[in-house]
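Q: build the 3D model from these lines:
(one chain, ligands or ions: 1)
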Amino acid sequence: MADNIRVTVWHEFRHEKTSAAVRAIYPDGMHNAIATALRDAGGMTVRTATLDEPEHGLSADVLNNTDVLTWWGHMAHQEVRDDIVERVRQRVWAGMGLLVLHSGHFSKIFKTLMGTSCDLKWRDADNREIIWFTAPGHPIVQGLADHIIIPREEMYGEHFDIPEPDETVMISSFSGGEVFRSGVTYRRGAGKIFYFRPGHEMYPAYHQKEVLHIIANAVRWAAPAAGSRVQTYGKHQPL
Ligand code: ZN
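A: Here you go, the predicted structure:
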């Protein structure tokens, strides 16, 4: 793990601009709630980037200086430029960590890295969510007991159309009876990916300390190992 992890918190940042209810929960935007928590966690240099910035705030220079990228999108997935999705994908393959949050399950970057529809069941109706940890000792749940409770959240239910995860770190149950694989890991190329379910815009999940603790743990887990190098490919001479 690097001593100082360079994090870019990417956010679509549209709901806060169009909904007073969302703005009341996240006056500075979800990205700033997440970024502030990561700065407070220590050992990280954190910047934010949003959809409406030039190149969505994800220039080649920004991405080349990002160890871990977090991604929240929902209403404007289709507005994310394909060439920038490709730029992010190349960086993941080269070792950049990626945290995909909540409705980011339908983002272009997550779908292209998974190769499946990433579809799921949902119900936005004030559900209680219990996130159970199914990988004891995993770095992403370090410092927590065996579950956390989110009093009010949107429901996501199985089947979640993802490839079989490398690790299923968490499973959620909801007050409606549904279950969901709410924390799963993958490797794509040299990059580590963590999908983490909570974070509907109408509820304050990114103000809940356990949720933010998990995101900080996941950033540390996904950061490329110090000294890791880009691989070489192509025609090769015998050693
Ligand atoms: Zn949602």
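
Q: not counting sequence-adjacent ones, nearest residue to Val80?
A: Nearest in space to Val80, with sequence neighbours left out and distances taken as CB to CB, 6 or more residues apart in numbering, is Lys108 at 5.4 Å. (Each C-beta comes from the backbone N, C-alpha and C, glycine too.)

Q: wait, Ile34 touches Tyr206, no?
A: Yes - shown here, Ile34 and Tyr206 form a contact pair, counting by CB atoms under 8 Å, at 5.6 Å.

Q: in a strand, Asp126, correct?
A: Yes - looking at Asp126 with DSSP: H, G, I helix; E, B strand; the rest coil, it is inside a strand.

Q: residue contacts, it?
A: Arg152 (CB atoms under 8 Å, 6 or more residues apart in numbering).

Q: distance check, it against Asp83.
A: 40 Å (CB to CB, to the nearest Å).

Q: Val9 too?
A: For Val9, the distance to Asp83 - CB to CB - is 21 Å.

Q: would you mind listing what in the protein touches the ion?
A: Ser103, Glu154, His200 (CB under 5 Å from the ion).

Q: shaky segments in the chain?
A: For the chain, the stretches with pLDDT under 70 are 1-2.

Q: and the residue in it that the ion sits nearest to, helix, strand or coil?
A: Nearest residue of the chain to the ion: His200, at 3.5 Å (CB to the ion). With three-state DSSP as the basis, the three-state label of His200 is coil.

Q: and the closest residue to it other than its chain neighbours, backbone torsions?
A: Excluding the flanking residues, the one nearest His200 by CB to CB, 6+ apart is Glu154, at 3.7 Å. Here is the backbone geometry of Glu154 (degrees, to the nearest 10): phi -70, psi 150.

Q: which residues touch Glu154?
A: Going by CB under 8 Å, 6+ apart, Glu154 touches Trp122, Arg123, Asp124, Ala125, Asn127, His200, Met202, Tyr203.

Q: what of Asn65?
A: Arg6.

Q: what is the neighbour count of Ala225?
A: Ala225: 11 surrounding residues under other CB atoms under 10 Å.
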